[in-house]
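**Student:** Any chance you could fold what I've pasted below:
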Amino acid sequence: MSNQNQISPEMALRYGVRKSRFVPIVVGILLACGVTGGFYLKGQLTKNPIVSSRLLGFKVESGTQVSVSFEVSRGTKQKTYCVIRAQDENRADVGYATLTFASGPTYFKTTYVLQTESKAVLAEVLNCSNSPVMRVPPPNFPPGVKIPEQLPPGVAPKPN
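**Tutor:** Residues are numbered from 1 along each chain as shown. Below is the predicted model of the structure:
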C-alpha cells in the first residue's frame with residue numbers, strides 16, 4: 001500500500017497515520033490571494049493607465065543642443081511627464097529635462113531640442129508616466145557644472 005487513502009482506519013489509528021489537511025489549506029490561500037491580487041491590479045490599471053515611450057532617434061545639432069525624437073502611448077485625458085537626458089563620452093549628464101504634455105491623443109510623436117552644457121554623444125528617454133514622480137536615475141552632472149535651462153515644455157532639474 002503506497003497511498004494513505006488505501007490504509008484501513010484501524011491501521012491508520014495503530015500507526016498514527018493522519019490525512020493531510022495542509023495541501024487543501026495552502027491551495028485555498030493561494031486561490032484567495034490570486035483573486036484578491038487580480039482585483040487590486042485591475043483597480044490600479046484603471047486608476048493609473050500604463051504610459052509607454054520609445055526613443056525614435058536623436059541628432060546632435062550643435063555643441064549645446066541635441067534634438068530627441070520619441071513616441072508616447074498613454075491613456076486618454078491624462079497629463080503625461082517624460083524625463084530625457086543627454087550624456088557626453090564619459091557618460092556624464094550634459095542635458096536633463098522633465099517634459100510635461102497636456103492631455104490629448106493616446107499616441108503621439110514629438111521632437112524636443114534639449115539644451116546641453118557641452119557636446120552630447122548620447123540621448124535617451126528615461127521614462128514617461130502620468131505622474132511627475134518617477135523612478136528614474138537622478139541627474140549626474142559633474143561638480144561645478146551649470147545645469148542648462150530648458151525651453152517649454154521642458155524643465156531643468158534644480159541644482160542641489
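**Student:** CA only for contacts and neighbour counts going forward, please
**Tutor:** Fine.
**Student:** just for the chain, where's the confidence low?
**Tutor:** 1-5, 17-21, 38-49, 160 (pLDDT under 70).
**Student:** domain parsing for it?
**Tutor:** As given by automatic domain parsing, the domain ranges for the chain are 4-47, 52-155.
**Student:** what's the first-to-last distance across the last one?
**Tutor:** What it means is domain 52-155. 20 Å (CA to CA, to the nearest Å).
**Student:** Determine how far it lies from the middle of the whole chain.
**Tutor:** Its chain's C-alpha centre and that of domain 52-155 lie 15 Å apart, by CA atoms, centre = their mean, to the nearest Å.
**Student:** all helices of the protein, in order?
**Tutor:** Assigned by DSSP state H, the helices in the chain fall at 9-15, 22-47.
**Student:** re earlier: comparing the domains of the chain, which stretch has the densest surroundings?
**Tutor:** Most buried of the domains of the chain, by mean neighbour count (mean count of other CA atoms under 10 Å): domain 52-155, with a mean of 18.
**Student:** nearest spatial neighbour of residue 132, skipping sequence neighbours?
**Tutor:** residue 81 (5.8 Å; CA to CA, 6 or more residues apart in numbering).
**Student:** dump the residue contacts of the one you found.
**Tutor:** The contact partners of residue 81, by CA atoms under 8 Å, 6 or more residues apart in numbering, come to 98-101, 128-132.
**Student:** and the longest strand along the chain, which strands flank it?
**Tutor:** Determined from DSSP state E, the single longest strand within the chain is strand 52-62. According to DSSP bridges, strand 52-62 has the following sheet partners: strand 65-73 (antiparallel).
**Student:** phi, psi of residue 120?
**Tutor:** phi -90, psi 150 (degrees, to the nearest 10).
**Student:** show me what contacts it?
**Tutor:** Residue 120 touches 60, 63-66, 86-89, 94, counting by CA under 8 Å, 6+ apart.
**Student:** okay, the residues you listed in a markdown table with distance to residue 142 next?
**Tutor:** Below are these laid out as a markdown table (distance: CA to CA, whole Å):
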| residue | distance to residue 142 |
| --- | --- |
| 60 | 20 |
| 63 | 17 |
| 64 | 16 |
| 65 | 18 |
| 66 | 19 |
| 86 | 13 |
| 87 | 11 |
| 88 | 11 |
| 89 | 13 |
| 94 | 9 |
